[in-house]
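# here are the coordinates; sequence isn't available:
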């Protein structure tokens, strides 16, 4: 593994509401290397999203510490691009202006980044759609815009929370391929959360399997498959072995039962 | 050969004329309805020989509108300035108050129950008090219009600001946005469709408020004219005043719609059904 980029040291998160205590994330210690692509796979409600929110500094940890490049995260970490399951685009901004929202909020020079935004949109197949509004785009196109928005300021870290979860299977395949291509070109550090086993294996250098709530790391798999990976590799025996291993963990949690 | 050409001409003409008709329909339909009603009214009053004191015919009202135009115009300016100022005050107070309800918990706790309770008081009942305090001039009318009109603006602003999707706020916070930037870039634009909904309701209420104020005590204005004409049994002038008032109200409402269309074009076009998605 390369130099550590994100470190989680005994991080815990408990949500407290009157009369209810919900332990979302159990003591978690983990390191994300620079330029590494790590997938986190786990059942719904296992604290995957909580983990991402903690790393992004959007919620405080109940115990333990998150550090990025050696610096403790205590407020929203901004040297990052974030993509959620909902595209979170602004309906009143055109495609180009949605990408440039990143630049406007950061008070960076719009003129310099307009070119970057155009280039990024072209790379994900949205060249010519700059003036469209989100309501005029399909779900896949909207999520591509959200991805461009997360990348336009060239952050070293990309946090993605089930970004393709709301898309149809075919669009999803294409998005996974596009994400792999973008990552191979730029080698950013990526944390990718999903509940799809194949998606996790296909994209990642390492797959973290999480247990049901309270979430904790149940296993870490090193995925040793050559890149660029192709969709057909999903049917290969090696790929099948990784998938079987993840599935075996889910079965052990009692999440999968077959008769 | 010539038949083919005729067909081709039909093919190119048909969609164009259809689009033309479809575009005109929203304007044409209400006009036809109103004209139909006026004709029915005219026929009824003439055929049944209804007294002008009870129900004047549209032609009578039109004649009075024409002859009393200077008077009606003068009174319109008075009433319009009352409800426009009352409306403006509602906007200036209502939108910030709605924002405070959402973003300042103490304000919500302290003010919200009072605000709701105040709305159960019929404004017409307290209008005389405003006149006692502020006199029979412009100020009392503006304040009465304000007390009736500001509430929907407050509520709709609060509802719109609360409806911001949390993931959008999180994305923007990851960009390092300050709370003020979150408000400016996300919450406020997101609330604009609701705010405009509140403004439109308020625009009609402000007119009601101005008239209530004039009914209580006034020396001028369209509401005052209605009272005076009614006292003189000049029913035709009453109707002429009411028609003028409703024209003022409709013009005001549509001016607001025009502003809405230019400010939140993204929303107006998104809710048009014929805008397909790709």
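Great, that's in hand. Keep in mind it's a predicted model, so treat the numbers as computed, not measured. Numbers count the residues shown, from 1 in each chain, chains lettered A, B, ... in the order given.
# residues contacting residue 142?
Using chain A here. A:87, A:89, A:134 (C-beta atoms under 8 Å, 6 or more residues apart in numbering or on different chains). Bear in mind the C-beta positions are built from the backbone N, C-alpha and C, glycine included.
# meant chain B actually
By C-beta under 8 Å, 6+ apart, the neighbours of residue B:142 are B:82, B:85-86, B:89.
# going along the chain, name the helices of chain B.
B:2-47, B:58-67, B:69-103, B:105-119, B:123-134, B:138-162, B:166-174, B:179-182, B:188-216, B:222-231, B:235-263, B:265-271 (DSSP state H).
# columns mean pLDDT on top of those helices, output as TSV?
Listed next are the helices of chain B as TSV, based on pLDDT from 0 to 100:
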stretch	mean pLDDT
helix B:2-47	74
helix B:58-67	95
helix B:69-103	95
helix B:105-119	87
helix B:123-134	88
helix B:138-162	94
helix B:166-174	94
helix B:179-182	94
helix B:188-216	94
helix B:222-231	94
helix B:235-263	94
helix B:265-271	68
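# picking that back up, of the contacts of residue A:142, list those near chain B.
When contact is defined as C-beta under 8 Å from any C-beta of the partner chain, the contacts of residue A:142 do not meet chain B at all.
# which stretches of chain A have low pLDDT?
A:1-2 (pLDDT under 70).
# if we use 80, what do you get?
A:1-2, A:45, A:258-259 (pLDDT under 80).
# and it, which residues reach chain B?
Counting by C-beta under 8 Å from any C-beta, chain A sits next to chain B at A:53, A:56, A:58, A:76-78, A:80-82, A:84-86, A:88, A:90-93, A:101-102, A:104-106, A:132-133, A:135-138, A:141, A:149.
# which of these count as buried?
A:53, A:56, A:58, A:76-78, A:80-82, A:84-86, A:88, A:90, A:92-93, A:101-102, A:104-105, A:132-133, A:136-137, A:141, A:149 (16 or more other C-beta atoms under 10 Å in any protein chain shown).
# and chain B, what are its domains?
Following automatic domain parsing, one finds the domains of chain B at B:1-49, B:58-271.
# between the ones you listed, which one is nearest to residue A:164?
Of all those, domain B:58-271 sits nearest to residue A:164, with 15.1 Å by C-beta to C-beta.
# from residue A:131, how far off is the spatially closest residue to residue B:219 that is not a sequence neighbour?
Leaving aside its sequence neighbours, residue B:219 sits nearest to residue B:136 (C-beta to C-beta, 6 or more residues apart in numbering or on different chains; 6.5 Å). As for residue B:136, its distance to residue A:131 is 56 Å (criterion: C-beta to C-beta, to the nearest Å).
# ok, these two, which is more surrounded?
More crowded of residue B:136 and residue A:131, by other C-beta atoms under 10 Å in any protein chain shown: residue B:136, with 17 against 10.
# what's near enough to touch the more buried one?
Neighbour list for residue B:136: B:217-219 [criterion: C-beta under 8 Å, 6+ apart].
# most neighbours of all the residues you listed, which one?
Neighbour max across the contacts of residue B:136 (other C-beta under 10 Å) = residue B:218, 25 neighbours.
# helices of the stretch 151-259 of chain A, residue ranges please.
A:169-186, A:197-203, A:237-252 (DSSP state H, counting those that start in this stretch).
# buried stuff in the second one?
Within helix A:197-203, the residues that qualify as buried by neighbour count (16+ other C-beta under 10 Å) are A:197-203.
# same deal with the longest one?
Within helix A:169-186, the residues scored as buried using 16+ other C-beta under 10 Å are A:171-173, A:175-180, A:182-183.
# restricted to helices, list the buried ones among the residues of chain A next to chain B.
A:53, A:101-102, A:104-105, A:141, A:149.
# which of these lies closest to chain B?
Nearest to chain B, judged by C-beta to the nearest C-beta, of these is residue A:105 at 4.1 Å.
# residues touching that closest one, list them.
B:172, B:175-177, B:181, B:185.
# also residue B:145?
When contacts are counted by C-beta under 8 Å, 6+ apart, residue B:145 touches B:82-83, B:85-87, B:89-90, B:205-210, B:213.
# go again with 6 Å.
By C-beta atoms under 6 Å, 6 or more residues apart in numbering or on different chains, residue B:145 lies in contact with B:83, B:86, B:206, B:209-210.
# likewise residue B:192?
Contacts of residue B:192 (C-beta under 6 Å, 6+ apart): residue B:264.
# please apply the same query to residue B:65.
With the criterion set at C-beta under 6 Å, 6+ apart, residue B:65 makes contact with residue B:240.
# mind doing that once more with 7 Å?
Neighbouring residues of residue B:65 by C-beta atoms under 7 Å, 6 or more residues apart in numbering or on different chains: B:72, B:240, B:243.
# nearest to chain A, of the residues you listed?
Among the contacts of residue B:65, and counting by C-beta to the nearest C-beta, the member closest to chain A is residue B:243, at 38.6 Å.
# picking that back up, report the two of the contacts of residue B:142 separated the most.
Pairwise over the contacts of residue B:142, using C-beta to C-beta, the maximum falls at B:82 and B:89, 11.0 Å.
# neighbour-wise, which of those two wins?
Neighbours per residue, other C-beta under 10 Å: of residue B:82 and residue B:89, the larger number sits with residue B:82, 31 against 18.
# pretty sure the more buried one is touching residue B:141, no?
Yes - with contact defined as C-beta atoms under 7 Å, residue B:82 counts as touching residue B:141 (4.1 Å).
# what's the burial count for residue A:221?
Neighbours of residue A:221 (other C-beta under 10 Å): 20.
# er, residue A:3 actually
The local packing of residue A:3 (other C-beta under 10 Å) involves 10 other residues.
# and the gap between it and residue B:26?
For residue A:3 relative to residue B:26 (C-beta to C-beta), the value is 65 Å.
# now do residue B:114
42 Å.
# in contact with residue 198, which residues?
All of this is about chain A. A:234, A:243.
# sorry, should have said chain B
Counting by C-beta under 7 Å, 6+ apart, residue B:198 has contacts B:152-153, B:155-157.
# run the chain-centre distance for stretch A:166-173.
Put simply, stretch A:166-173 sits 16 Å off its chain's centre (C-alpha atoms, centre = their mean, to the nearest Å).
# name the residues that touch that stretch?
So stretch A:166-173 is contacted by A:85, A:139-140, A:143, A:164, A:175, A:231 (C-beta under 7 Å, 6+ apart).
# so what sits opposite residue A:160 in the bridge?
residue A:83, residue A:192 (DSSP bridges).
# that one against residue A:189, yeah?
No - look at residue A:160 against residue A:189 with C-beta under 7 Å: they stay out of range, at 11.6 Å.
# any idea how far chain A is from the closest residue to residue B:81 other than its chain neighbours?
Spatial nearest neighbour of residue B:81, chain neighbours left out: residue B:138 (7.0 Å); criterion: C-beta to C-beta, 6+ apart. Note on residue B:138: its distance to chain A, by C-beta to the nearest C-beta, to the nearest Å, is 38 Å.
# can you report how many residues lie near residue B:138?
19.
# what sits against residue B:75?
Residue B:75 neighbours (C-beta under 7 Å, 6+ apart): B:220-222, B:225.
# for the residues you listed, which one is nearest residue B:147?
Among the contacts of residue B:75, residue B:221 lies closest to residue B:147 (C-beta to C-beta), at 17.7 Å.
# residue contacts, residue 251?
In the absence of a named chain, chain A is used. Residue A:251 neighbours (C-beta under 7 Å, 6+ apart): none.
# sorry, I should have been clearer: chain B.
Counted by C-beta under 7 Å, 6+ apart, residue B:251 has zero contacts.
# how about the residues of the stretch 151-278 of chain B near chain A?
Residues of the stretch 151-278 of chain B found near chain A (C-beta under 7 Å from any C-beta of the partner chain) are B:165, B:167-168, B:170-177, B:181, B:185-186, B:189, B:264, B:266-267, B:270, B:277-278.
# mark which of these are buried, thanks.
Judged by 16+ other C-beta under 10 Å, buried ones among these: B:167-168, B:170-177, B:181, B:185-186, B:189, B:264, B:266-267, B:270.
# now do stretch A:148-157: distance from first to last residue.
By C-alpha to C-alpha, to the nearest Å, the extent of stretch A:148-157 from end to end equals 14 Å.
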